[in-house]
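**Student:** I would like to see how this sequence folds:
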Amino acid sequence: MTGILDRLRNLRAADAPTHGGRVLAYVYDAGVPELDELADAAASLARPVNALDPTVFPSVAVMEREVLGFVRRALHGRRDVVGSVTSGGTESCLLAVKTARDLWRAEHGSTASGRRPRLLVPATAHAAFQKAARLFDLELDTVPCRPDGAVAAEDVIARMDGDVALVVVSAPAYPSGALDPIRAVAAAAQAHGIRCHVDACFGGLVLPWWTDAPAWDFRVTGVTSISADLHKYGYAPKGVSVLLHRGRRQHRAQFFATTRWPGYPVVNPTLLGSKSASPLAASWAIVQRLGDSGFAELTASIRRVATGIRSEVDGIPGLVVLGDPVGPALALIADPTAMPALRVDPHRLADELARRGWRIQHQPGFVQADGTRLPRSAHLTLTPVLERELGGFRRALVQAADAVRGRPPADGRALAAAVRALGYGARRVPGPAAAWRLLRLAGAARATSDRPLAGLMALVEELPAPVAEALLTELLARLSEPR
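**Tutor:** Below you'll find the model as predicted:
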């Protein structure tokens with residue numbers, strides 16, 4: 001047994017650090033070791049439990065009821081707000097869409113207007129909603145955003161019609177940190193008889209204590225559902241999230257139930273059947289420990305981090321914060337008003353910071369349907385633990401910016417042209433073998449946390465989306481193939 005665990009420790013040594021604030025994406029460290037210990041103990045106690053059936057394991061129902069109650073209070077829901085604990089933000093988003101589609105079909109008929117129901121989202125809505133549209137056969141209608149990553153309420157409202165099953169707004173949008181115009185969109189959705197989902201998977205356990213954030217939750221008329229992840233700023237282990245609905249009828253439409261087979265009656269509130277109770281137990285324990293005051297204290301720490309980093313960026317020539325973010329996310333872009341010799345390319349910056357032991361997240365530039373381009377950026381997820389290391393990060397940010405200032409962005413045009421010359425494009429994508437050859441040609445056939453990514457991101461920006469998606473699929477799939 002010792003040898004097995006020793007090997008796992010060796011494998012883990014190659015991972016990016018999950019604690020200490022050095023990775024500003026993917027992980028959410030409160031900086032409170034006691035919470036990790038509490039979560040581990042609670043998860044261990046619940047490890048043998050199958051959360052499929054709370055009548056056999058009533059502890060599941062108690063923990064879920066108390067977690068939902070806490071989140072409902074935080075999001076200003078009344079007694080008519082009910083919901084479920086899910087396996088993560090993607091499942092919460094999928095279920096919100098599936099529920100809205102089913103109710104739309106019941107109310108309008110499956111072929112109303114001769115069209116599939118539409119899912120109306122800003123371009124910055126999480127990719128989980130693209131997945132939901134594909135899985136549940138909705139037409140995805142994406143509303144372009146301004147170059148600063150914000151969407152105009154009137155642009156969303158103009159697309160509302162009777163074939164829209166659900167409109168989605170974000171609190172905040174992950175790529176930009178912008179808080180969508182939730183009040184205006186939700187009010188218009190209600191006037192049109194359309195359900196409105198607030199995706200607060202990222203900010204749902206921060207924004208309730210972000211003192212000057214505008215109302216975005218169940219206080220807002222027209223908001224019919226909200227998702228909020230407990231494995232983000234609820235500081236629980238992956239994966240656990242909450243999906244809340246306004247009204248029992250809507251919540252019950254989320255369920256799958258059948259007695260039409262010879263086995264036990266199946267009633268699932270979520271996409272999963274059998275599921276671990278450990279993430280639920282860990283999140284329940286953390287909520288019990290922190291309470292409202294604990295979350296408020298941790299959020300105040302995140303706010304101080306955000307203020308400190310924004311202040312530092314303001315003093316760095318050639319680098320700016322994208323738009324006007326609200327909450328725990330920032331996106332950094334090259335200052336478009338600066339001379340090229342002074343600009344700091346965010347992908348070069350991210351690579352340089354990684355070399356110095358800090359990891360922020362590359363986000364490719366994105367051309368929207370109306371031709372408006374969202375600039376390439378670098379995303380920062382801010383956590384309480386980073387306050388202890390804020391001085392070190394600010395110094396590293398300045399030094400990294402100085403090191404790459406004036407360097408032109410990576411250019412993927414030549415390689416993209418070669419890919420097109422081979423006949424690959426929007427209508428013809430490479431299969432596994434061809435995709436692997438192209439990745440090797442690009443020097444990107446190895447994905448590690450210490451590898452510069454500016455070149456790969458530049459290629460992603462230039463390639464047609466189906467080709468880029470095929471290459472990235474192959475890159476990730478090869479990592480776990482048996483050797």
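
**Student:** ok, Gly365 - how many residues close by?
**Tutor:** 18 (other Cβ atoms under 10 Å). No exception for glycine: its C-beta is placed from N, CA and C like everyone else's.

**Student:** quick one, what contacts the closest residue to it other than its chain neighbours?
**Tutor:** Excluding its sequence neighbours, the residue lying closest to Gly365 (Cβ to Cβ, 6 or more residues apart in numbering) is Arg376, at 4.0 Å. Residues near Arg376 by Cβ atoms under 8 Å, 6 or more residues apart in numbering: 333-334, 345-347, 362-365, 409, 457, 461.

**Student:** so is the spatially closest residue to Asp345 that is not a sequence neighbour in a helix, a strand, or just coil?
**Tutor:** What sits nearest to Asp345 in space, not counting adjacent residues and going by Cβ to Cβ, 6+ apart, is Pro409, at 4.4 Å. Using DSSP: H, G, I helix; E, B strand; the rest coil, the structure places Pro409 in coil.

**Student:** Show me this protein divided up by domain.
**Tutor:** By the assignment in automatic domain parsing, the chain contains the domains 38-287, 291-404, 413-479.

**Student:** All the helices of the stretch 351-483 of the chain, residue numbers only.
**Tutor:** Remark: helices assigned in the stretch 351-483 of the chain by DSSP state H, counting those that start in this stretch are 390-404, 413-421, 432-441, 454-462, 465-479.

**Student:** so how far is the first one off the chain centroid?
**Tutor:** The one in question is helix 390-404. From the chain centre to the centre of helix 390-404 is a distance of 26 Å (Cα atoms, centre = their mean, to the nearest Å).

**Student:** now the second one
**Tutor:** Relative to the mean C-alpha coordinate of its chain, helix 413-421 is positioned 31 Å out (Cα atoms, centre = their mean).

**Student:** which of the residues in that helix are buried?
**Tutor:** Residues of helix 413-421 classed as buried: 415-416, 419 (neighbour count, 16 or more other Cβ atoms under 10 Å).

**Student:** just checking, what's the longest helix in the chain?
**Tutor:** Secondary structure of the chain per DSSP state H: the longest helix is helix 278-314.

**Student:** on that earlier part again, most neighbours out of the contacts of Arg376, which is it?
**Tutor:** Using other Cβ under 10 Å as the neighbour criterion, Pro346 leads the contacts of Arg376 with 30 neighbours.

**Student:** just checking, that one touches Asp335?
**Tutor:** No - Pro346 is not in contact with Asp335 according to Cβ atoms under 8 Å; the separation is 10.5 Å.

**Student:** Can you check which residues contact both of the two?
**Tutor:** With Cβ under 8 Å, 6+ apart as the test, Pro346 and Asp335 both reach Leu319.

**Student:** Pro320 belongs to a strand?
**Tutor:** That one is not Pro; residue 320 is Val. Yes - secondary structure of Val320 (three-state DSSP): part of a strand.

**Student:** Please name the spatially closest residue to it (chain neighbours excluded).
**Tutor:** Asp335 is the one closest to Val320 (Cβ to Cβ, 6+ apart), at 4.7 Å.

**Student:** Quick one, grab the pLDDT at that neighbour.
**Tutor:** Here, the pLDDT recorded for Asp335 equals 97.

**Student:** And the closest residue to Ala152 other than its chain neighbours, how close does it get to Ala189?
**Tutor:** Distances taken as Cβ to Cβ, 6+ apart place Arg146 nearest to Ala152, at 6.8 Å, with adjacent residues excluded. Distance of Arg146 to Ala189, given as Cβ to Cβ, to the nearest Å: 21 Å.

**Student:** One more: Thr383?
**Tutor:** 33 Å.

**Student:** Next: Ala285.
**Tutor:** Taking Cβ to Cβ, one finds Ala285 at 37 Å from Ala189.

**Student:** Among these two, which residue is more densely surrounded?
**Tutor:** Between Ala285 and Ala189, counted using other Cβ under 10 Å, Ala189 has the larger neighbour count: 25 against 22.

**Student:** Report whether Thr55 is found in a strand, as I expect.
**Tutor:** No - judged by three-state DSSP, Thr55 forms no part of a strand; its state is coil.

**Student:** what's the burial count for it?
**Tutor:** 8.

**Student:** circling back: hey, which of the helices of the stretch 351-483 of the chain is tucked in deepest?
**Tutor:** When the helices of the stretch 351-483 of the chain are scored by mean count of other Cβ atoms under 10 Å, the highest mean neighbour count falls to helix 454-462 (a mean of 23).
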